[in-house]
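Trainee: Structure here, sequence nowhere to be found:
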Ligand code: DC
C-alpha cells in the first residue's frame, strides 16, 4: 500500500514546523523536518571553518551527513547563524542531490511502520513528494513572520534586535525563493493557508481541517 503523504511547505516563521509536528501526532504518521537536514549541513560547514556558499565545502558536509542519526535537540541547529548557513548550502544543487534520496525514502516508507508521513520544508510538494495526497503551503505576511521570529528569539533570551531579524529573514527569503534548483514556491495543486491573522491554534485547526477532508475523501 502506498504511504499517505502530507506535504507542508512554506517560508520561515510561517508556523509550518509546529503544524507539521501536530498533524503527524494526530494521524500517527512519521514526521520529518527537512529544514533540519540543511541546518545540519550548514552547521557542520561552520564548525569545520568552511564557507557554506562554497560548493566543495557544502557538498562534502552533505555527503558525510547521516540523517538517521541527526540529533534534532542540538541547540546549535536552531541558531540564526545556522539558518543562514542552511539557506546558503540549500542553494547548491549537489547538496540538494545528496539529501534527496533520504527524504524520498522517508516519504515512501515511513519509519516505525507508520502508514503515512508528514514532511515539512520548501520543496516537499514540488520535488520530494509531488504525488503527496495532501499539500498545504503555509504562509503569512512578512511583518507577521518577523514579529513571530522576533518574539521567539526574545523569549529564548537572545540578544536580538528587530532590525537584525528583518535583515536576516529578507536575506533568507530571497535566497530560498531565487535559487535555481527547487526554489521555495507552492506546488500548483497546494492549498494555500495564510496564517497572518490566525493564532497558532487557529492555524493548526485550519490545516487539520484541510488534511482531514482530503484524507477522508479517499
Ligand atoms: O525550515 P528551516 O528554517 O529549518 O530551513 C532552513 C533552511 O533550509 C531554509 O532557509 C532553506 C533550506 N531548506 C530547503 O531549501 N529545502 C527544504 N525542504 C527545507 C529547508
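Mentor: Looks like it came in fine. Please read these numbers as outputs of a predicted model, since none were measured by experiment. Numbering: from 1, shown residues only.
Trainee: got a list of what residue 139 touches?
Mentor: With contact taken as C-beta atoms under 8 Å, 6 or more residues apart in numbering, residue 139 is in contact with 10-11, 14, 192-195. All C-beta spots, glycine's among them, are computed from the backbone N, C-alpha and C.
Trainee: how about it, phi and psi?
Mentor: When quoted as degrees, to the nearest 10, the phi and psi of residue 139 stand at phi -140, psi 170.
Trainee: Who does it form a beta bridge with?
Mentor: Here residue 139 sits in beta bridges with residue 194, going by DSSP bridges.
Trainee: Could you report the distance from it to the ligand?
Mentor: Distance, residue 139 to the ligand, by C-beta to the nearest ligand atom, to the nearest Å: 13 Å.
Trainee: three-state assignment of residue 117?
Mentor: strand (DSSP: H, G, I helix; E, B strand; the rest coil).
Trainee: what's across from it in the sheet?
Mentor: Residue 117 forms beta bridges with residue 5, residue 30, as assigned by DSSP bridges.
Trainee: Spell out which parts of the chain neighbour the ligand.
Mentor: Proximity of the chain to the ligand (C-beta under 6 Å from any ligand atom) is limited to residues 12, 34-35, 38-39, 83, 86-87, 90, 121-123, 172, 176.
Trainee: give me that answer again for 8 Å
Mentor: The chain has residues 9, 12, 16-17, 33-39, 42, 83-84, 86-87, 89-91, 96, 103, 119-124, 128, 172, 175-176, 179, 182, 184 near the ligand, with proximity defined as C-beta under 8 Å from any ligand atom.
Trainee: Mind checking which of the residues you listed land in strands?
Mentor: Among the residues of the chain next to the ligand, DSSP state E puts 9, 33, 119-121 in strands.
Trainee: Could I get the pLDDT score of residue 1?
Mentor: If you check residue 1, the pLDDT there is 67.
Trainee: can you check residue 128 too?
Mentor: So residue 128 comes in at 97 (pLDDT).
Trainee: if we can go back for a sec, and the ones in strands among the residues of the chain next to the ligand as CSV, adding distance to residue 133?
Mentor: Shown next, in CSV, are these (distance: C-beta to C-beta, whole Å):
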residue, distance to residue 133
9, 15
33, 19
119, 12
120, 15
121, 17
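Trainee: Identify the farthest-apart pair in the residues you listed.
Mentor: Spanning the widest gap among these are 9 and 33, at 12.2 Å by C-beta to C-beta.
Trainee: Between these two, tell me which one has more neighbours.
Mentor: Neighbour totals were compared for residue 9 and residue 33, and residue 9 leads with 27 against 20 (other C-beta atoms under 10 Å).
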